[in-house]
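K.L.:
Make a model of this:
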Amino acid sequence: MQNDVATNGICSSESVNGSRDVWSCKDSDSLSADHLVIMVHGILGSSSDWKFGAEQFVKKLPDKVFVHCSERNMSKLTLDGVDVMGERLAREVLDIIQEKPNLRKISFVAHSVGGLVARYAIGRLYRPPKEEVKEDISGNECREEPRGTIGGLEAVNFITVASPHLGSRGNKQVPFLFGVTAFEKAASCVIHWIFRRTGQHLFLTDDDEGKPPLLKRMLEDYDEYYFMSALRIFKRRVLYSNVAYDHIVGWRTSSIRRNNELPKWEESLNETYPHIVYEEHCKACDADQYETTSAEDDGSSDKLEEELVRGLSQVSWEKIDVSFHSSRLRFAAHTLIQVKDEFMHIEGADVIQHMIDHFLT
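P.N.:
Reported below is the predicted structural model:
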């Protein structure tokens, strides 16, 4: 059972399970929209967290996108672990693809821990390439370079917003612990009491049958999961990060940088995107380029975090740094950057606009 609503040319439906689909009410637009955008919420969140973002995407790209706000991991289900949530999300995506046979492309927009869940899900959804042979005009056969897919769809944008890609156990990775080593060590020991299995994954304390921590396993294709192959086939990989006042996810972990790589930023003079303070395009790096770099050189003793930085740097990233330092709600930066509530967090609307303006369709 679904409740369908139409507002200002934008149609939306919410199922009894809580999933939210958003598309253009105009028939010609909805028929031509072949790009599936999957929006994933963060811990203890719900599909309504992306309501504003989903509507803005359809408003600006009515004939291009069909937006689905995920519902399989809402509320306390986000405590079940990144892997369990990733499996649920993968099944949810396949269900949508089956229901919408006109879809040709797919993108992900994920907030907070949802970014890790999306990374896990695409590793499950990845389909290896099939070699295609085409005949040219002269009658000669020519081979096109094969390319994998995500659930049979072309992978386009993979966007995360304030997501802890390096986990939460490093120094200042969870800012509300104030960078106090004793607090951070204590948090690693008790986090599973609060956030259960997901907390273990975030603090890299999980030990499933002697396997490495899940976030480390996700640095490569592991068993039947194609984590890095899937990430690599997206045309764009984008990180939106708060430079300050995000007390849940630190700047370093959300932007996949070492301490000495955090840029100096200045107040934005761009009227269109007043909260975007720094943009950087980072090319993929080979492991050989890091031979002389160590965790100690960076002033960090966390070698596992260094492995995560190196592993995730095997692919290129667009890094977009955001600051709400002048906002009266700056201490809510973690939700402002997503515009979780249209009325309370509307100051973050320029970040959503930036996503849409640079979105490949």
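
K.L.:
hey, let's count contacts and neighbours off CA atoms from now on
P.N.:
OK.

K.L.:
how much space between Val58 and Asn242?
P.N.:
According to Cα to Cα, to the nearest Å, Val58 stands 25 Å off from Asn242.

K.L.:
Which one's more surrounded, those two?
P.N.:
Comparing Val58 with Asn242 by neighbour count (other Cα atoms under 10 Å), the higher total belongs to Asn242, at 29 against 26.

K.L.:
what pLDDT, on average, does stretch 234-246 get?
P.N.:
Mean pLDDT, stretch 234-246: 97.

K.L.:
Which parts of the stretch 201-350 of the chain are strands?
P.N.:
221-222, 225-226, 236-242, 276-282, 317-322 (DSSP state E, counting those that start in this stretch).

K.L.:
Next, the buried residues of the fourth one.
P.N.:
In other words, strand 276-282. 276-278 (16 or more other Cα atoms under 10 Å).

K.L.:
So what are the sheet partners of it and their directions?
P.N.:
When pairing is defined by DSSP bridges, strand 276-282 lines up against strand 317-322 (antiparallel).

K.L.:
just the first one next, same as before
P.N.:
Its sheet considered, strand 221-222 pairs with strand 225-226 (antiparallel) by DSSP bridges.

K.L.:
now the strand it pairs with, how far from the chain's geometric center?
P.N.:
17 Å (Cα atoms, centre = their mean, to the nearest Å).

K.L.:
wait, what's in contact with the residue most central in space within the chain?
P.N.:
Most central in the chain under Cα atoms, centre = their mean is Thr160, positioned 2.7 Å from the mean C-alpha point. Each residue near Thr160 by Cα atoms under 8 Å, 6 or more residues apart in numbering is listed here: 108-112, 114-115, 238-240.

K.L.:
quick one: the helices in the stretch 101-250 of the chain?
P.N.:
Secondary structure of the stretch 101-250 of the chain by DSSP state H, counting those that start in this stretch: the helices cover 114-125, 181-202, 214-217, 227-232.

K.L.:
Buried ones in the third one, by neighbour count?
P.N.:
Taking 16+ other Cα under 10 Å as the neighbour-count basis, helix 214-217 is seen to contain the buried residues 214-216.

K.L.:
can these go into a markdown table with extra columns for pLDDT?
P.N.:
Below are those laid out as a markdown table (pLDDT from 0 to 100):
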| residue | pLDDT |
| --- | --- |
| Leu214 | 97 |
| Leu215 | 96 |
| Lys216 | 96 |
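
K.L.:
What about the closest residue to the residue nearest to the centre of the chain other than its chain neighbours, how many residues nearby?
P.N.:
Distances taken as Cα to Cα, 6 or more residues apart in numbering put Ala110 closest to Thr160, at 4.8 Å, once the chain neighbours are dropped. For Ala110, the count of nearby residues is 28 (other Cα under 10 Å).

K.L.:
per-residue confidence at Ala110?
P.N.:
In this model, Ala110 is scored at 98, pLDDT.

K.L.:
What distance do you get for it to Asp83?
P.N.:
15 Å.
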